[in-house]
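Asks: Build me a structure from this.
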Amino acid sequence: MTTSEADLILKDREESFLLADGLEEAFIGIGYQFNTPLAIYSKSKAIQCLMDKGMDEEGAYEYFDYNVAGAYVGEQTPIFLEDAS
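Replies: Below is the predicted model:
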C-alpha cells in the first residue's frame, strides 16, 4: 500500500492508534482488539522496507525481530501480519 492509499484509510478517523515510523509501505489496514484500533502491517513488506533503506536481508530480519516486532509500546502496539503466501 502506498503512503497516499494509507492516508485515505486514516483520513477522518476519530480513533487514535500508533503507526510504525518508516514502514508506511508495509501498512495494510486497521484491526481491532477489544475495541482498540491497531495498525496492521505486512511483515514481509516491513522487511522489504528495511532492505530498501540499505540493510541486507539478515540485518533486516534481525533489526525487525528485535526493534520492531519485539518492541511493546503500549496497548496500541501495531500488529505485524505473517503473510500467508
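
Asks: hey, let's count contacts and neighbours off CA atoms from now on
Replies: Fine.

Asks: Just the residues contacting stretch 75-85, thanks.
Replies: 17-20, 36-44, 69 (CA atoms under 8 Å, 6 or more residues apart in numbering).

Asks: what's near enough to touch residue 41?
Replies: Per CA under 8 Å, 6+ apart, neighbours of residue 41: 26-29, 78-81.

Asks: ok, so of those, who is nearest residue 50?
Replies: residue 26 (10.2 Å; CA to CA).

Asks: Now for that closest one, how many residues are close by?
Replies: 24 (other CA atoms under 10 Å).

Asks: pretty sure it contacts residue 39?
Replies: No. Taking contacts as CA atoms under 8 Å, residue 26 lies outside contact range of residue 39: 10.5 Å.

Asks: Centroid-nearest residue for the chain?
Replies: residue 41 (3.4 Å; CA atoms, centre = their mean).

Asks: State the three-state secondary structure for it.
Replies: Three-state call for residue 41 (DSSP: H, G, I helix; E, B strand; the rest coil): strand.

Asks: If you drop the residues flanking it in sequence, what lies closest to it?
Replies: Sequence neighbours aside, residue 27 is the residue nearest to residue 41 in space, at 4.4 Å (criterion: CA to CA, 6 or more residues apart in numbering).

Asks: For residue 52, see how far away the one you found is.
Replies: Remark: distance between residue 27 and residue 52 (CA to CA, to the nearest Å) = 15 Å.

Asks: which stretches of the chain have low pLDDT?
Replies: Applying pLDDT under 70 to the chain flags the ranges 1-15, 85.

Asks: As a check, name the ranges of all helices in it.
Replies: When secondary structure is read from DSSP state H, the chain shows helices at 3-10, 43-52, 57-63.

Asks: Setting the sequence-adjacent residues aside, check what's closest to residue 46.
Replies: residue 26 (5.1 Å).

Asks: What's opposite the nearest residue to residue 16 once chain neighbours are set aside in the beta bridge?
Replies: Nearest residue to residue 16, sequence neighbours excluded (CA to CA, 6+ apart): residue 37, at 7.2 Å. Residues in a beta bridge with residue 37, per DSSP bridges, are residue 32.

Asks: Contact partners for residue 37?
Replies: By CA under 8 Å, 6+ apart, the contact list for residue 37 reads 15-17, 30-31, 76.
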